[in-house]
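Enquirer: Okay, predicted coordinates and the sequence, questions at the end:
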Amino acid sequence: MNADAKKRYKDIELPFTCPLNNREFNSTKGLSVYVSKTLKIEHSEYYDKYIKHRDSSCFFCGKKGLFISLGKGYRNLCDDSNCIKKSFSSNSVEGFMYRNMCSREEAKNLFEVENARQLKERIKSHESLRKEDPLWDKKRSRNCKEFWLNKGFSEEDAEIEVKKVMNEIHQKTSKKIKSDPEKYASKYPTKIEYYINKGFSEKEAKNKISDIQNRFSLKKCIEKYGNDGILIFQQRQIKWQKSMKDNGNIKGGYSKISQVLFRDILNSYNIDDTKYVFFWTKNKEYFLKNNKSIFLYDFTDIKNNKMIEYNGDQYHANPIIYNEDSYPHPYHKKEGYRAKDIWLKDRSKIELANNNGFEVLTIWDSEYRKNPQQTLQKCIEFINKK
């Protein structure tokens, strides 16, 4: 630290005697004129040779400070904008260091004391304002209608402005989370990190998530509502699916030929059991979700716990036709979406179904087109198999 910095702007004592000719000066103005007109040298050069009493380095970076005048010498700051900003900062340790000419440790203590004092004053002031006006906090917050009413907005317009502000907040938050999902995983009760952060073991965390995912299941619906539970469950599935599709979380789509097969399978059911069946043109597709993905299943019988997946040969990379390094998908020809990647995704989908108590039968498009009746019988036998 530059201890002599406290003496800034007091480098010359008057009267001053010039060492070159012993001429005495009672003011720095007279000395300045003499140096410029008579000696004809730069003031900074004369100062360095005959007046300088202290270090002229910058308080922060150590570079040479900015020369001011013969009377004031060098400033203990250079011309770097960063150093100048630090010296003016009233809410930083560096600012306290410069103003008090002390070490960082001393400045840190002063900074904490001053912050505590200011906080105490603010709390005292805010408490007084809240007593005078109970809506004081809301009038300062853009996401409260009182803020907009206080600015002269009508009740209706104030509510519109609040919705705009909340939408902006949600969009920014969503963008922030999506930019680094691993960093913010601990913020959501559907993530393992959320429970581990609270002190649960990994096994306990998985059980917690499982409880959340099964909070609304067919079994619990029937237990709670009896026979009406089946209809309530179906309606909720359709509602969830529509919501997720509208929000871009899942994409709907089906092949028309698959619906022909599923309608034929449905005709083999007793009329009372058809309410347990889901496919696109009847009750929409059934879906399951895990921590990472949401999967739609082509044909689902929730009474018999059976599912049928109707796979297009190209879209799902029929292994009879394609090898693992092929790029069969018509819309995904990029690196990282080879046949083996498609198979891995389909395996994950089937494993999720199996973990939820469903058996899954895969039917290939080419298989059905070649032998429709044989394939239909195969599906019916699979559904009825105990």
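Expert: The structure has been received and is ready for your questions. Numbering: from 1, shown residues only.

Enquirer: contacts and neighbour counts: CA atoms only from here.
Expert: OK.

Enquirer: buried ones in stretch 89-108?
Expert: Using 16 or more other CA atoms under 10 Å as the test for burial, stretch 89-108 gives V93, E94, G95, F96, M97, Y98, M101, C102, S103, A107, K108.

Enquirer: Is C78 in contact with G65, as I believe?
Expert: Yes: between C78 and G65 a contact is recorded at 4.2 Å, counting by CA atoms under 8 Å.

Enquirer: Can you pull the residues that touch both of these two?
Expert: Residues touching both C78 and G65 (CA atoms under 8 Å, 6 or more residues apart in numbering) are S57, C58.

Enquirer: that older thread, in a markdown table: the buried residues of stretch 89-108, plus distance to T28 and pLDDT.
Expert: Below are the buried residues of stretch 89-108 laid out as a markdown table (distance: CA to CA, whole Å; pLDDT from 0 to 100):
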| residue | distance to T28 | pLDDT |
| --- | --- | --- |
| V93 | 36 | 88 |
| E94 | 33 | 88 |
| G95 | 31 | 88 |
| F96 | 31 | 88 |
| M97 | 30 | 89 |
| Y98 | 27 | 89 |
| M101 | 26 | 86 |
| C102 | 30 | 87 |
| S103 | 33 | 86 |
| A107 | 35 | 88 |
| K108 | 38 | 90 |
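
Enquirer: Could you dump the residues you listed into CSV and include distance to K349 and secondary structure?
Expert: Putting these into CSV (distance: CA to CA, whole Å; DSSP: H, G, I helix; E, B strand; the rest coil) gives the following:
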residue, distance to K349, secondary structure
V93, 56, helix
E94, 57, helix
G95, 59, helix
F96, 61, helix
M97, 61, helix
Y98, 63, helix
M101, 67, coil
C102, 65, coil
S103, 62, coil
A107, 60, helix
K108, 57, helix
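
Enquirer: Out of these, the closest to Q374 would be?
Expert: Using CA to CA, V93 is the member of the buried residues of stretch 89-108 that lies nearest Q374, at 81.1 Å.

Enquirer: where are the low-confidence patches of the chain?
Expert: 1-11, 185, 190, 210-219, 230-231, 233-253, 291, 331-336 (pLDDT under 70).

Enquirer: Which segments of it make up each domain?
Expert: 3-88, 108-172, 180-213, 216-247, 252-384 (automatic domain parsing).

Enquirer: For this protein, just list every one of the strands.
Expert: Counting by DSSP state E, the chain has strands at residues 16-17, 24-25, 67-69, 73-74, 277-278, 286-289, 294-297, 299-301, 306-311, 359-364.

Enquirer: and the last one, how far out from the chain's middle?
Expert: The gap between where strand 359-364 is centred and where its chain is centred comes out at 39 Å by CA atoms, centre = their mean, to the nearest Å.

Enquirer: Name the residues of that strand that are buried.
Expert: Buried, per 16+ other CA under 10 Å, within strand 359-364: E359, V360, L361, I363, W364.

Enquirer: buried ones in stretch 139-158?
Expert: Quick answer for stretch 139-158 (16+ other CA under 10 Å): K139, R142, N143, C144, K145, E146, F147, W148, L149, A158.

Enquirer: and the end-to-end length of that stretch?
Expert: 12 Å (CA to CA, to the nearest Å).

Enquirer: ok, now stretch 206-220?
Expert: End to end - CA to CA - stretch 206-220 spans 20 Å.

Enquirer: And stretch 144-157, by the same measure?
Expert: 12 Å.
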